[in-house]
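Visitor: Sequence and predicted structure are below.
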Amino acid sequence: LHNIEKTYLFNKFHHPEILDSEIAAKPTVLLVGQYSTGKTSFIKHLIGMDYPDIHIGPEPTTDKFIAVVHGSETKTIMGNALTGVDDLPFSGLSSFGTTFLSKFSAAVVPADILKDMNIIDTPGVLSGEKQRTARGYDFSKVCRWFAERSDLILLMFDCSKLDISDEFKLVIEELQPHEDKVHCILNKADQLDSESLMRVYGA
């Protein structure tokens with residue numbers, strides 16, 4: 001099927017080309033959510049260690065897309081260089097321009113679990129229009145690019161703040177065609193009693 005798409009230039013009129021490196025890539029897990037919902041903490045717990053550029057706090061801390069991948073030495077690969085690494089499936093992201101690439105990097109760590117998967121940590125989704133436009137790139141479209149190439153999408157919510165911002169609504173709309181991959185995680189649910197949890201579930 002891939003050869004047919006190449007022959008008839010499918011990517012020119014319908015869908016960006018899926019490169020060989022993307023087809024051969026490890027399974028990818030994408031984490032999406034508003035700021036301070038536990039995305040970065042979840043990854044740290046899963047891989048069992050810190051990774052480069054990790055920031056955890058109550059306010060927006062992760063301000064870039066970080067691909068957490070396996071390697072023998074801990075290091076950071078910046079976005080411009082990352083699109084040229086043949087072993088990783090991110091060269092297609094160059095189409096989003098230098099502003100996005102300056103906010104994208106790979107955190108290479110020797111975690112065993114990453115031998116079989118890649119994890120994408122995303123910036124916390126913002127609520128204000130000014131903050132959203134200040135990104136300098138189309139956040140929801142970048143999320144869609146990752147969603148199309150991910151095998152599992154974890155949508156993170158904090159049970160203490162369930163308000164959904166306009167930007168988060170746009171992201172959820174972009175994820176809708178991939179709803180079979182999406183799983184919702186309600187962080188801090190263990191802090192609620194049964195009655196409160198049912199109210200949160202209803203919301």
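Guide: Alright, I've got the coordinates.
Visitor: Any regions of this structure where pLDDT drops low?
Guide: 1-2, 8, 10-19, 21, 56-62, 126-134, 162-163, 196-203 (pLDDT under 70).
Visitor: can you do 50?
Guide: Within the chain, the stretches with pLDDT under 50 are 130.
Visitor: Where do the helices of it begin and end?
Guide: Counting by DSSP state H, the chain has these helices, from start to end: 2-7, 10-13, 20-23, 39-47, 79-82, 97-101, 129-133, 139-149, 166-175, 194-202.
Visitor: wait, which of those helices is closest to Leu114?
Guide: Smallest distance to Leu114 across these (Cβ to Cβ): 6.4 Å, for helix 39-47. No exception for glycine: its C-beta is placed from N, CA and C like everyone else's.
Visitor: elements contacting the closest one?
Guide: Contact here means 3 or more Cβ pairs under 8 Å, 6 or more residues apart in numbering; DSSP states H and E; on that basis helix 39-47 packs against strand 28-33, strand 118-121, strand 152-158.
Visitor: Neighbouring strands - and their directions - for the shortest one?
Guide: Based on DSSP bridges, the pairing partners of strand 118-121 within the sheet are strand 28-33 (parallel), strand 65-70 (antiparallel).
Visitor: For Lys103, give me its contacts.
Guide: Asp63, Lys64, Phe65, Gly79, Pro123, Arg135, Gly136, Tyr137 (Cβ atoms under 8 Å, 6 or more residues apart in numbering).
Visitor: Swap in 6 Å and give it another go.
Guide: Lys64 (Cβ atoms under 6 Å, 6 or more residues apart in numbering).
Visitor: Gly124 contacts Tyr35, correct?
Guide: Yes - in this structure, Gly124 is within contact of Tyr35 by Cβ atoms under 6 Å, at 2.6 Å.
Visitor: just checking, Met117 touches Pro27?
Guide: Yes - under the criterion of Cβ under 6 Å, Met117 makes contact with Pro27 at 4.9 Å.
Visitor: looking at the strands paired with strand 118-121, which is closest to Phe157?
Guide: Taking these one by one with Cβ to Cβ, strand 28-33 is closest: 6.5 Å.
Visitor: how big is the angle separating that closest one from helix 166-175?
Guide: 150 degrees (axes from the mean of the first three to the mean of the last three Cα atoms, to 10 degrees).
Visitor: ok, and what's touching strand 28-33?
Guide: Residues beyond strand 28-33 that count as contacts (Cβ under 6 Å, 6+ apart) turn out to be 39, 118-122, 146, 150-156.
Visitor: Please state the offset of stretch 176-190 from the chain centre?
Guide: 13 Å (Cα atoms, centre = their mean, to the nearest Å).
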